[in-house]
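Peer 1: All I have is the shape, not the residue letters:
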């Protein structure tokens, strides 16, 4: 594995590591943030990106208006552009230096519909028109943790306002075994978007390791039958929690307060499992 020259962008050190297949992993502050396969945007390596993608695949065919909160390698926007060409997409990433660094070294496809705005998630989502997004993806981390602002009541209300009645809101939540922070996050999401489900690998759902859970939420009932079929066909052993199974997973968790709460710190970088 070879490493591109790194940089410190504002307060964050960023570097790119190329693997033997030509893929590139974006490393920020020692933590792997995303993976990009420049010549094949359909190849998704990180498990949580696969789960975000299978959730989006449950929506009807055609273009989607997508808002991404969090930039890094722009992996999911590249995938949306490849699978639903011409989809208008907005990426909200406050660290303009990070996205500039990535775009210079891993250029976006030609004639794409991806716009990158140097704004934080709350400010950027609040600036969007009501009922303007088919999909809102929250996948933003600072020093390996979801910022408290993105679990606040103000942010969740902003997402609910922007999301169309039949739209899909997605969160990538990294948590410790036990999913205690994540359960409170889901409880908070449900105060705005009542229909919720969770997707993760079996070992994460069983609490065997620190890992990522993708939460789906909407104003209207979720396409659970389609989701179950896609989860059953996932490349990695993956499970779905909805209905009573999700209630058991949440175990009476209480929503966060107005200010929210940042997610737990990640384990040492060497303990992350890259798929």
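Peer 2: Structure's in. What do you need? This structure is a prediction, so every number in the text was calculated from the model and none was measured.
Peer 1: What segments of the stretch 1-150 of the chain are strands?
Peer 2: Counting by DSSP state E, counting those that start in this stretch, one finds strands in the stretch 1-150 of the chain at the ranges 2-3, 7-9, 12-18, 24-28, 31-36, 66-69, 89-92, 114-117, 133-138.
Peer 1: Need the winner for burial among those strands.
Peer 2: Using mean count of other CB atoms under 10 Å, the stretch among those with the greatest mean number of neighbours is strand 66-69 (a mean of 26). For every residue, glycine as well, the C-beta is placed using N, CA and C.
Peer 1: So what's the gap between it and the chain middle?
Peer 2: 9 Å (CA atoms, centre = their mean, to the nearest Å).
Peer 1: Sheet-wise, list the partners of it with their directions.
Peer 2: strand 89-92 (parallel), strand 133-138 (parallel) (DSSP bridges).
Peer 1: Report the mean confidence score over stretch 223-240.
Peer 2: Averaging the model's pLDDT scores along stretch 223-240 yields 94.
Peer 1: Can you list the buried residues in that stretch?
Peer 2: For stretch 223-240, the buried set under the neighbour-count rule, 16 or more other CB atoms under 10 Å, comprises 223, 224, 227, 230, 231, 234, 238, 239, 240.
Peer 1: and the gap between the nearest residue to the second one once chain neighbours are set aside and residue 207?
Peer 2: Right, residue 224. In space, and not counting its chain neighbours, residue 224 is closest to residue 242: 5.7 Å by CB to CB, 6 or more residues apart in numbering. Residue 242 sits 18 Å away from residue 207, taking CB to CB, to the nearest Å as the criterion.
Peer 1: Name the residue in the two with the higher neighbour count.
Peer 2: When residue 242 is set against residue 207 and neighbours are counted by other CB atoms under 10 Å, the residue ahead is residue 242, at 18 against 14.
Peer 1: Quick check: residue 73 touching residue 35?
Peer 2: Yes: counting by CB atoms under 8 Å, a contact exists between residue 73 and residue 35, whose distance comes to 6.7 Å.
Peer 1: overlap in contacts of the two?
Peer 2: Common neighbours of residue 73 and residue 35 (criterion: CB atoms under 8 Å, 6 or more residues apart in numbering): 24, 26.
Peer 1: By mean pLDDT, which helix or strand of this protein comes out lowest?
Peer 2: Taking mean pLDDT, DSSP states H and E as the measure, the helices and strands of the chain show their lowest mean at strand 7-9, namely a mean of 42.
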